[in-house]
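Engineer: could you work out the structure for the sequence below:
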Amino acid sequence: MSSSQSQKPQAPRYESNKYCVCTSCINNDGGQCATLVELEKHLKTVGILTANDAQLTQILLPGPPTHDLTPCHTTLLAFFSGVMDRELRDNMSKGRSMSRIQFFNQKICADDMASLLTWCRTGRIHIDYDDSDFQDDRCRFERLWNLAAMLEMPEFANFCMRLILAKYSWNVLGASETPALDFQSAPYGPTGPLFVITNQLDVVRHSRLSAFIERLLTSRDPLQEDLVHAVSNGKREAYQNAWHDRLASNIQLNYRVAESRTVDESKVDNDPTNPELAGLFLVSVPDRDPDQFRLELSRQGYQTAKNTVAKTKYTQRTLCVPSRDKQVFYKAFEYDPADHRELGAAPPR
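Structural biologist: Numbering: from 1, shown residues only. Model prediction:
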């Protein structure tokens, strides 16, 4: 067997047009890849916000650290996160630095925060393609979406949602060495849906991620014959056993899957990976100019000198997220079915 034949199938790469689920890449119409356009925009924003600025913020998490998190430019955190923006401005109004932030939420793990900080700096996150986030049905992308919602990061939430769309659109469990794109017939495991159902955000009444998973479960029964047979012979028994175990132990998940068996054949049009519906689950991103953002911070006393942190008295603030008294700021992450009654309704702008 050749080395190429022995390699594991490659899961979708968000930076590759071949596996992108944007409209241009799906239709192969020669248009610009939306994912790459977003990446280019992100890198330009990073360049503007970090130019001649060495002020960094160290993120600390509760409990014993698994590894040190690389400090991130304060301006990047404030620009991409509504929570961090308010924190920075509050610190500046009181003459304090934002050199260290301690999060009090026990559910935030170091690996997820590291991915978020990497995205802030590069517009990407590391994906393990050999032991894949796609193939093993981890709930990593769903966890990161929840983290984006807690910190009010619409761009990062949409980045995660595009990965989630790819995860549930590509069949990486099939017998073929190459994952196949199949919006309505790709089998999927229980880990992601179960995480979303059991980890609803207190500050989001009905999140866009929750709406996505609910539509997925009620439009594509994970144990229907077509989906089960789409799994390779070697993985089929484990796939079915995993679902039966989760359905037996979680009433809500069992209800959602059972509900899918009572819907008529038109339910396929309700599948959230349908390209005409995918935009409904993206978060509206406010129109912000990074140059203007830096100017506003400068006027409020933000300092960019390399020795700013060294000269500032050590301060460490503790943040509790999600914060119940800030519910109004999470509205963009909610999904209102009344706004999107028809198939192909315009996505949020």
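Engineer: can you pull out the helices in the stretch 51-200 of the chain?
Structural biologist: Applying DSSP state H, counting those that start in this stretch to the stretch 51-200 of the chain gives helices spanning 74-80, 82-93, 110-122, 140-150, 154-167, 191-198.
Engineer: now the strands for the stretch 1-150 of the chain?
Structural biologist: With strands called from DSSP state E, counting those that start in this stretch, the stretch 1-150 of the chain shows them at 56-60, 72-73, 100-103.
Engineer: comparing those strands, which comes out most buried?
Structural biologist: Mean neighbour count, computed with mean count of other CB atoms under 10 Å, is highest for strand 72-73 among the strands of the stretch 1-150 of the chain, reaching a mean of 20. Quick note: C-beta positions are derived from backbone N, CA and C, even for glycine.
Engineer: report the central residue of the protein.
Structural biologist: Cys160 (2.3 Å; CA atoms, centre = their mean).
Engineer: measure the residue nearest to it when sequence neighbours are not counted to Gly192 for me?
Structural biologist: Sequence neighbours aside, Trp145 is the residue nearest to Cys160 in space, at 4.2 Å (criterion: CB to CB, 6 or more residues apart in numbering). For Trp145, the distance to Gly192 equals 10 Å [CB to CB, to the nearest Å].
Engineer: among those two, which residue is more densely surrounded?
Structural biologist: For the pair Trp145 and Gly192, the greater number of neighbours falls to Trp145 (29 against 23), based on other CB atoms under 10 Å.
Engineer: who's in contact with the more buried one?
Structural biologist: Taking CB atoms under 8 Å, 6 or more residues apart in numbering as the contact definition, Trp145 lies against 157, 160-161, 164, 209.
Engineer: quick check: the gap between it and Leu69.
Structural biologist: Going from Trp145 to Leu69 by CB to CB gives 20 Å.
Engineer: try Ala186
Structural biologist: Per CB to CB, Ala186 is found 34 Å from Leu69.
Engineer: which of these two has more neighbours?
Structural biologist: Ala186 (22 against 17).
Engineer: ranges for the helices of the stretch 201-349 of the chain?
Structural biologist: Using DSSP H, counting those that start in this stretch, the helices found in the stretch 201-349 of the chain span residues 208-219, 225-229, 233-249, 251-260, 290-299, 308-311.
Engineer: circling back to that earlier point, which of the helices of the stretch 51-200 of the chain comes out lowest on mean pLDDT?
Structural biologist: Ranked by mean pLDDT, those end with helix 82-93 at the bottom, a mean of 88.
Engineer: now do that helix: distance to the chain's middle.
Structural biologist: 23 Å (CA atoms, centre = their mean, to the nearest Å).
Engineer: counting by contacts, list what that helix packs against.
Structural biologist: helix 74-80, strand 316-319 (3 or more CB pairs under 8 Å, 6 or more residues apart in numbering; DSSP states H and E).
Engineer: list the buried residues of that helix.
Structural biologist: Buried residues in helix 82-93, defined by neighbour count with 16 or more other CB atoms under 10 Å: 82-89, 91-92.
Engineer: neighbours of Thr304, how many?
Structural biologist: 17.
Engineer: that one reaches Thr50, doesn't it?
Structural biologist: No - taking contacts as CB atoms under 8 Å, Thr304 lies outside contact range of Thr50: 9.4 Å.
Engineer: low pLDDT regions in the stretch 201-349 of the chain?
Structural biologist: Low-confidence segments of the stretch 201-349 of the chain (pLDDT under 70): 202-203, 262-269, 305-330, 337-349.
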